[in-house]
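Visitor: Dropping the sequence and predicted coords here.
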Amino acid sequence: MSLLLHGGQLYADGVIDFDLGRLADNFWALTVDGLTYGAIYALVAVGYTLVYGVLRLINFAHSEIFMLGMFGQYAMLMLLGFYPSGNAFDKGVLLTVVYLCLAMIGGMVVSGGAAVGLERLAYAPLRKRGAPSLVFLITAIGASFILQEFVHFVLPKLTGGELGGVNAQQPIRLVVPTTQFTIFGADVTNVDLVIIVAALALAFVTDRFINATKFGRGIRAVAQDPVTATLMGVSRERIIMLTFLIGGVLAGAAAMLYTLRVPSGIIFSGGFILGIKAFSAAVLGGIGNLRGALLGGLLLGVMELYGQAVFGTEWRDVVAFVLLILVLMFRPTGILGESLGRARA
Amino acid sequence: MSTSDTPDATSAKATSAKSTSAKATTSRPTSLPPAGRTPVAQRPHAGLGDRLRLWWDALARPTQWAIGVPFILLIAALPVIRPPLLTTVGTDFGSVMAQFGMVALIAIGLNVVVGQAGLLDLGYVGFYAIGAYTVALLTSPDSPWNLTDDWLSNDWAWLACLPVAIAVTAISGLILGSPTLRLRGDYLAIVTLGFGEIVRLLADNLDSVTGGGRGLSQVAYPRVGVSEEHPNGVFSAGNASGTLNAGVWWFWVSIVLIVIALLVVGNLERSRVGRAWVAIREDEDAAEIMGVPTFRFKLWAFVIGAAIGGISGALYAGQVQFVVPTNFNVINSMLFLCAVVLGGQGNKLGVIVGAFVVVYLPNFFLGRTEIFGIPIDGNEIANYKYLFFGLALVLLMIFRPQGLFPARQKLLTYGRELYVAARAAARKVSGAGDGSGRADAVPAVDVATEGDAR
């Protein structure tokens, strides 16, 4: 963030310091930075949006699924023989990519498994009882507490203090951010490239999966009309599990990418704010709408950093929430509208 | 329900009037809609809660007061008596009860929003924070507003701040509610969550308005009972030792405020406003079509809930005498919601019990080394409080989603009884037409008239 501070003091005499110059000076750097965050928000937002599309449920615990993904990829790296160190491991480009892929798979497995487990243990019993949506939301909040406290207290006991606990994990560095090239004077590092390329690839695969495969058609059918979908031979329960699995897997992938960007962010409480923002991104784009979530994520990431440049670092979260409230006030169904089912029949 | 259970079919099949009568009478409960409720006295499994409620509702107002006041006095005396098993070991029981009083007040306020009107508010801590900050900004010497010698100087009394805090939080409820209450359900939840976080971040970042992350110290408190022993009065944080410490005094203040809040909220529930809230909660579209101005009543619920949260915030600021943004994390909102859901949404006495559980249980285990002779590590258990709350919430939602003490909505009950009566009357008509004077048609009519009488 140091590049954002060059415009002078963050605090001025006014109540809220306001400096459009900082935005103008760093416009492209902020855009690149914002796109990397936005890509991560977008991947997490897909999990919210798919579940909402199919179940009309805010899976409040999705932020904790993401948090578990961070620990999952960390555990995978430890299993591969890496350990926390100040310097980055130098394994060469090809091997590093392989290790990153393995770490991502570790995150995906943990997150995907946790998401499906959450669905089976917490939400499926409620569905059988036909509980109202408030009950689902409160269950999700409870599950969120459980998962956080599990990592906070129980995980360190299970792993002998290696994982979890009060403090953030010491970062395992595989990649040193080095500038690869510049766009309009903005540095683009290898980390930025990895995040954006990986996120775009995953987003593309997910989009194809939802829009062009049999399973995707099942998801859209259940989102559009669960009863008719069931009559047409779609197993609603299996589609719901699949939806949670996709959301969890993408959250796990996003978790790995996030730890590249913020290596010291692996902590039990690290998912909460990011989850809320990713949900905001999903709402921004139109919840239930896959492409809306991707667009909303990128938009939120970029706008947040623009706001941060104008008002100062400490206003970043406020900018995100105010943006959410403003969008909902003027366009209550988001930018692209709610339509997972109606996306393409 | 099988067709042979309906009176018409049995009357057609049966040969003897007596056997039909017996069959029809026994099969009656299964042939009624599941929502049908018979009076409590006739119900085979009327629970203790139902009996208690019925007994209480049947009492006259003065009798209710005659029973209620000693009960409240008993509760108020708890931190003085300090019953051996009930009292806390690791922390002072008086301050635990004071904390309980504040959370109970919050639960009553949040219950209006969540339980009565059915608006899920995840940012309730924002109103709590605004109430606390109003008092702190008016009275703390650190307050950036105190530089004037005008009426904004820091010599406000705590009690004088209370109405201001109520007004400010009510207005902030209006400001948040008027744009956002047009949103439904889940959207409202996430927007209020954002609001709660924004309030905290504003308190943290606006150094020149709120004092920023350092917080505001030396907030005013009522200077009552000044003596040689207590040079700053009994409400001062300096009065920390002994049985009658500041915590107990604050608990008593909160009891008074809780009783007032309960009276206000109870009257609102029984009024047109309360009926509108129930209608909105059960089906907003239907309420709107029936002519309930839903937006206005939702806004009312929000404003009233916010104002009660503000009172609690003012209590907090006075008791702790120090206000800092980190005390108003969103996680507190979840805990408040926990209290409401645990106690039973819509039941204003139940949510008080919920508040007690949420506040008391972690403190109960704090510092305890044994319970009933079984050695435990109390501090460790108290550490896990969020884990247990999470588990409790999930299990409660699966097995008892209505909470420990669910609300009985008289209005809904009345509606269901009308429905049952109408069904019974319809059966009477069809039964009479089908029976055509046969003797075995009589039992069916009997059943119907019995249903009517209810």
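Guide: Great, that's in hand. Residues are numbered from 1 along each chain as shown, chains lettered A, B, ... in the order given.

Visitor: tell me which parts of the stretch 351-454 of chain B are close to chain A?
Guide: B:383-384, B:386-387, B:389-394, B:396-398, B:401 (Cβ under 8 Å from any Cβ of the partner chain). Every residue, glycine included, has its C-beta placed from N, CA and C.

Visitor: Can you select the buried ones from those in ChimeraX?
Guide: Command for ChimeraX that selects the buried part of those, burial taken from 16 or more other Cβ atoms under 10 Å in any protein chain shown:
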select /B:383,384,386,387,389,390,391,392,393,394,396,397,398,401
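
Visitor: would you list the residues of the stretch 351-454 of chain B next to chain A in TSV and tack on distance to A:T333 and pLDDT?
Guide: Shown next, in TSV, are these (distance: Cβ to Cβ, whole Å; pLDDT from 0 to 100):
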residue	distance to A:T333	pLDDT
B:N383	43	78
B:Y384	41	81
B:Y386	34	82
B:L387	37	86
B:F389	34	82
B:G390	32	86
B:L391	36	87
B:A392	35	83
B:L393	30	82
B:V394	30	87
B:L396	33	84
B:M397	28	84
B:I398	32	85
B:P401	29	78
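
Visitor: which stretches of the stretch 51-200 of chain B have low pLDDT?
Guide: Low-confidence segments of the stretch 51-200 of chain B (pLDDT under 70): B:146-154.

Visitor: OK, now which residue of it is nearest to chain A?
Guide: Residue nearest to chain A within the stretch 51-200 of chain B (Cβ to the nearest Cβ): B:G194, separated by 3.6 Å.

Visitor: list the contacts for A:I239?
Guide: Contact analysis of A:I239 by Cβ atoms under 8 Å, 6 or more residues apart in numbering or on different chains lists A:54, A:215, A:218-219, A:221-222, A:229.

Visitor: Identify, from those, the entry nearest to chain B.
Guide: Distance to chain B across the contacts of A:I239 (Cβ to the nearest Cβ) is lowest for A:V54, with 14.0 Å.

Visitor: Quick check, that closest one in contact with A:M241.
Guide: No: counting by Cβ atoms under 8 Å, A:V54 sits too far from A:M241 to count as a contact (10.3 Å).

Visitor: neighbour-wise, which of the two wins?
Guide: A:V54 (27 against 16; other Cβ atoms under 10 Å in any protein chain shown).

Visitor: Quick check: that one vs A:I239, distance?
Guide: Separation of A:V54 from A:I239 (Cβ to Cβ, to the nearest Å): 7 Å.

Visitor: How about the residues of the stretch 101-250 of chain B by chain A?
Guide: Applying Cβ under 8 Å from any Cβ, one finds that the stretch 101-250 of chain B approaches chain A through B:114, B:118, B:120, B:179-180, B:182-183, B:185-187, B:189-191, B:193-195, B:197-198, B:201-202, B:204-209.

Visitor: could you redo the last one with a cut-off of 7 Å?
Guide: B:120, B:179-180, B:183, B:185-187, B:189-191, B:193-194, B:197-198, B:201, B:205-206, B:208-209 (Cβ under 7 Å from any Cβ of the partner chain).

Visitor: Over to the residue nearest to A:A251 when sequence neighbours are not counted: give its phi and psi.
Guide: Nearest non-adjacent residue to A:A251, counting by Cβ to Cβ, 6 or more residues apart in numbering or on different chains: A:F66, 4.3 Å away. Backbone torsions of A:F66, given as degrees, to the nearest 10, read phi -60, psi -40.

Visitor: Domain map for chain B?
Guide: For chain B, the structural domains run B:1-81+B:409-454, B:84-405, going by automatic domain parsing.

Visitor: what's the helix or strand for B:R223?
Guide: According to DSSP states H and E, B:R223 maps onto no helix or strand at all.

Visitor: And the residue nearest to it when sequence neighbours are not counted, how far from A:L80?
Guide: Excluding the flanking residues, the one nearest B:R223 by Cβ to Cβ, 6+ apart is B:G233, at 4.2 Å. Applying Cβ to Cβ, the value for B:G233 to A:L80 is 64 Å.

Visitor: now do A:G271
Guide: 23 Å.

Visitor: These two: which has the busier surroundings?
Guide: For A:G271 versus A:L80, the count of surrounding residues by other Cβ under 10 Å is larger for A:G271: 29 against 14.

Visitor: Leaving out the residues flanking it, which one is nearest to that one?
Guide: In space, and not counting its chain neighbours, A:G271 is closest to A:M67: 3.2 Å by Cβ to Cβ, 6+ apart.

Visitor: mind listing what that neighbour touches?
Guide: A:151, A:268, A:270-271 (Cβ atoms under 7 Å, 6 or more residues apart in numbering or on different chains).

Visitor: just A:F268 next, same as before
Guide: Applying Cβ under 7 Å, 6+ apart, the residues near A:F268 are A:67, A:148, A:151-152, A:164.

Visitor: please redo it, this time with the cut-off set to 8 Å
Guide: A:67, A:148-149, A:151-152, A:164-166.

Visitor: Could you do A:I276 as well?
Guide: A:63, B:190, B:193-194, B:197.

Visitor: hmm, which of the residues of the stretch 101-250 of chain B next to chain A are the buried ones?
Guide: Buried members of these, counted by 16+ other Cβ under 10 Å: B:120, B:180, B:183, B:185-187, B:189-191, B:193-194, B:197-198, B:201, B:205, B:209.

Visitor: Before I go, just wanted to say thanks for your time.
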